[in-house]
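> Give me a model of this one.
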Amino acid sequence: MSSEEYAPPKYAQIVQAIRRRIADGTYPPGSLLPSETQLINEFHVSRPTVVRALQVLQLRGVIEREHGKGSFVKATPPAAAEEASRPGRAVLDRAEADENGSPVSVGEHPAPASVAKLLGVPEKSPVMMRRVLFRDADRPVDLVTIWCPVELAEGSALGQPEPLTAGIRQHLQHTKGLKLEHVAERLSARHPSTEEAKLLELRKTAPVLGVLASVYNGGGRPALIVDLVLPGDLHELEDAYSL
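The predicted structure follows:
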């Protein structure tokens, strides 16, 4: 078996390279990272691969991304700022169209028991479901399912089959005046369901990380449920906190 078969995915190699440059001072705190086009040319990869790498760095609290301006190294290192990996928040801020996200199932769906309990609605009552598969140049990298009350989705693009051009949090605030305020997450290590394995191109016995997040509005009740599935061989979750 060749050494290439053990090499990390291309986006992970970019993540490692950028983190090394931040650590050695090549990219100091507050500095602007090279543009997506510059990274594409340097690493000889596609734009979705570069976008995925930047999204991972953002999720880990290493950089901040500003639409139309670029990606900046955080002024305070993640450990010092006690920044945790926050997958639920990262999902809410991702623009599907910019990160090679493809909706695979959108529309009203009977609420599964776990989702109904978290949303506080009767089991199997109709709710809006939005399932999106994200890929890099090589393979699927995660699967996101958003569940929300039908009345919340009305007047928004959550029920449309096209990729969203803005993050869900920004979109709902703009279209519905809804401010999402905090997230409660549950993490699990498990095997994928049959559908998850098919969409993520995994064996049924492959490990995945599951993140089930309740997203609350100012009224103190869940407005959205985020179900995120991450292939175990592509992802790790980090945290840092004081004792």
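> per-domain residue ranges of this structure.
Split into domains by automatic domain parsing, the chain comes to 3-81, 88-231.
> Those domains into CSV, with extra columns for mean pLDDT?
CSV is the format used below for the domains of the chain (pLDDT from 0 to 100):
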stretch, mean pLDDT
domain 3-81, 82
domain 88-231, 92
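> can you put these in TSV and add mean neighbour count?
Just so you know, the C-beta spots here come from the backbone N, C-alpha and C atoms, and that holds for glycine as well. As requested, these are arranged in TSV below (neighbours: other C-beta atoms under 10 Å):
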stretch	mean neighbour count
domain 3-81	16
domain 88-231	17
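> Nearest residue to the middle of the protein?
For the chain, the residue sitting closest to the mean C-alpha position, by C-alpha atoms, centre = their mean, is residue 91 at 3.5 Å.
> correct me, but that residue touches residue 143?
No - counting by C-beta atoms under 8 Å, residue 143 is not a contact partner of residue 91; they are 10.8 Å apart.
> Quick check: neighbours shared by these two?
Shared between the contact lists of residue 91 and residue 143 (criterion: C-beta atoms under 8 Å, 6 or more residues apart in numbering) are residues residue 228.
> I'd like to know which elements the strand or helix carrying residue 195 is packed against.
Residue 195 belongs to helix 194-200 when elements are defined using DSSP states H and E. With contacts defined as 3 or more C-beta pairs under 8 Å, 6 or more residues apart in numbering; DSSP states H and E, the packing partners of helix 194-200 are strand 140-149, strand 222-231.
> could the ones you listed go into JSON lines alongside distance to residue 37?
As requested, the helices and strands packed on helix 194-200 are exported to JSON lines (distance: least, C-beta to C-beta, whole Å):
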{"stretch": "strand 140-149", "distance to residue 37": "21"}
{"stretch": "strand 222-231", "distance to residue 37": "28"}
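> okay, whichever strand or helix holds residue 72 in PDB with CA atoms only?
Counting by DSSP H and E, the secondary-structure element that holds residue 72 is strand 70-73. Provided in PDB are the C-alpha atoms of strand 70-73 (Å, rounded to 0.1, in the frame of the first residue of the first chain):
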ATOM      1  CA  GLY A  70     -11.500  37.400   3.200                       C
ATOM      2  CA  SER A  71     -10.200  35.300   6.100                       C
ATOM      3  CA  PHE A  72      -8.300  36.700   9.000                       C
ATOM      4  CA  VAL A  73      -6.200  35.000  11.700                       C
END
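> helix or strand right after that strand?
Scanning forward in sequence from strand 70-73, with DSSP H and E defining helices and strands, the next element found is helix 87-92.
> and that following helix, what other elements does it pack with?
Packed against helix 87-92 by the contact rule (3+ C-beta pairs under 8 Å, 6+ apart) you find helix 47-59, helix 168-176, strand 180-190, strand 208-217, strand 222-231.
> next structured bit after that helix?
strand 101-110.
> Neighbouring strands of that next one in the sheet, and parallel or not?
strand 126-135 (antiparallel) (DSSP bridges).
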